[in-house]
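In: Model the structure of this input:
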Amino acid sequence: SGVGVVGTSSVTFTPVNDAPVVAASQGMASAIEQVATGVDSGITVSDVDHTTLASATVSVSGGFKTGEDVLGYVNATGHGNISGSYAPATGVLTLTSSGATATLSQWQAALRSITYLNTSDTPTAADRTIKWVVSDGADSSIAATRTISVKPVNDPPANRSEEHTSELQSPCNLVCRLLL
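Out: From the prediction side, this is the model:
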């Protein structure tokens with residue numbers, strides 16, 4: 001009695017890649033025809049096991065109108081080596097970091113700078129759903145979405161040319177033309 005058994009065992013841990021996370025702001029954004037507007041200045045990006053990301057896609061996934069809807073991106077200070085390419089036929093903006101070296105904060109800044117533009121003078125007045133997916137090169141995030149309400153503008157009538165307007169301003173010219 002009092003004799004204990006001593007043993008050893010080994011445990012092997014196999015690391016598993018966790019997918020990055022992208023989270024859009026709550027609420028709806030709004031856009032006016034022919035004016036570029038930021039989609040989500042509060043979007044966040046995180047990844048528990050990576051400090052950089054490889055790519056992202058931003059798309060008009062709901063209500064997309066070919067020839068009207070445009071997503072824009074311009075690399076700016078704080079975006080690292082992220083570049084973008086927009087496919088107007090599909091409404092997909094693809095962003096990539098050469099060598100997957102752009103940091104999470106650079107990706108977040110880049111995604112916050114994405115703009116939506118409706119190029120039509122008579123846009124379809126329907127909501128658009130914008131979808132973001134980010135990738136660490138091995139796994140992709142679950143999509144985050146935000147709705148943009150597109151507002152058409154009632155444009156004023158076009159002005160007549162000065163030449164015709166000045167001719168009709170004289171009461172005699174107007175009456176004389178009507179009598180002829």
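In: excluding its backbone neighbours, what's nearest the residue nearest the centre of the chain?
Out: Centroid-nearest residue in the chain: residue 114, 4.4 Å away (criterion: C-alpha atoms, centre = their mean). Among residues not flanking residue 114 along the chain, residue 39 sits closest, at 4.9 Å (C-beta to C-beta, 6 or more residues apart in numbering). For every residue, glycine as well, the C-beta is placed using N, CA and C.
In: surely the one you found meets residue 117?
Out: No: here residue 39 does not reach residue 117: they are 10.4 Å apart, not a contact under C-beta atoms under 8 Å.
In: list residues touching both of those two?
Out: Common neighbours of residue 39 and residue 117, counting by C-beta atoms under 8 Å, 6 or more residues apart in numbering, are residue 71.
In: list the contacts for the residue nearest to the centre of the chain?
Out: 38-40, 58, 71-73, 93, 130.
In: switch the cut-off to 10 Å
Out: Shown in contact with residue 114 (C-beta atoms under 10 Å, 6 or more residues apart in numbering): 38-41, 43, 56, 58, 71-74, 84, 93, 95, 130, 132.
In: Then residue 149?
Out: Per C-beta under 10 Å, 6+ apart, neighbours of residue 149: 28-32, 125-128.
In: redo that, cut-off 6 Å
Out: 28, 30, 127 (C-beta atoms under 6 Å, 6 or more residues apart in numbering).
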